[in-house]
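In: No letters, just coordinates:
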């Protein structure tokens, strides 16, 4: 990607990596990259699932911050925002790069829901207190090489003479990034 700006999504659990998320985000912005960190990128009143979904869909790379207190069991909870972010990144083909903070560890396969076990197969970068500046620089310098091109959402042509009867199904599928073009007849 050379010296071009890269869209970066930083995924983290607020309880243990909020500071690191903003420190890395700041360093990336200084290099001219576009960075999404939810606590600074979502305005009051916005629907965060939609904002997050849109941000992930355009991200060239996602940094998944993992500290020692990372709650791996939380990824099994249906309302887990981090699990939602990681699934969306996988759907869109964004490169997901684990970044372990301090002595953070990536969990074993069996600790993760089956659809997220690919995380355990990724090499991770480390951010350590003794070498924090150098470690952040290493991550920032690697971004152009880690970035991929996100896959666009799937688009479906939905033909139905009574489209209101299928709104529930379309609503469920929209959550997975599917976009619909609705028509009421084959001719249309």
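Out: Structure received. Quick caveat, the model's predicted, so the values are computed rather than measured. Numbers count the residues shown, from 1 in each chain.

In: Now do the lengthiest helix in the chain, average pLDDT.
Out: When secondary structure is assigned using DSSP state H, the longest helix within the chain turns out to be helix 14-30. The average of the pLDDT scores along helix 14-30 is 91.

In: which secondary structure elements does it contact?
Out: Helices and strands touching helix 14-30, as assessed by 3 or more Cβ pairs under 8 Å, 6 or more residues apart in numbering; DSSP states H and E, comprise strand 7-11, strand 34-37, helix 38-41, strand 61-66, strand 95-101, helix 132-146. To be clear about C-beta, it is placed using only N, CA and C from the backbone, and glycine gets the same treatment.

In: Between the ones you listed, which one is closest to residue 84.
Out: Distances from residue 84 to each of these were compared using Cβ to Cβ; the shortest belongs to strand 7-11, at 9.5 Å.

In: Sheet partners, orientation included, of the closest one?
Out: Using DSSP bridges, the neighbouring strands of strand 7-11 in the sheet come out as strand 34-37 (parallel), strand 61-66 (parallel).

In: which one of these has the lowest average pLDDT?
Out: Looking across the strands paired with strand 7-11, the weakest by mean pLDDT turns out to be strand 34-37, at a mean of 91.

In: just how off-centre is it within its chain?
Out: Mean-position distance between strand 34-37 and its chain equals 11 Å (Cα atoms, centre = their mean, to the nearest Å).

In: cool, and stretch 93-105?
Out: How far stretch 93-105 lies from its chain's middle: 12 Å, per Cα atoms, centre = their mean.

In: Stretch 87-105 now?
Out: Computed by Cα atoms, centre = their mean, the chain-centroid distance of stretch 87-105 equals 8 Å.

In: Enumerate the positions of it that are buried.
Out: By 16 or more other Cβ atoms under 10 Å, the buried positions in stretch 87-105 come out as 87-92, 94-102, 104.

In: Identify each buried residue in stretch 163-176, please.
Out: Within stretch 163-176, judged by 16+ other Cβ under 10 Å, the buried ones are 170, 173.
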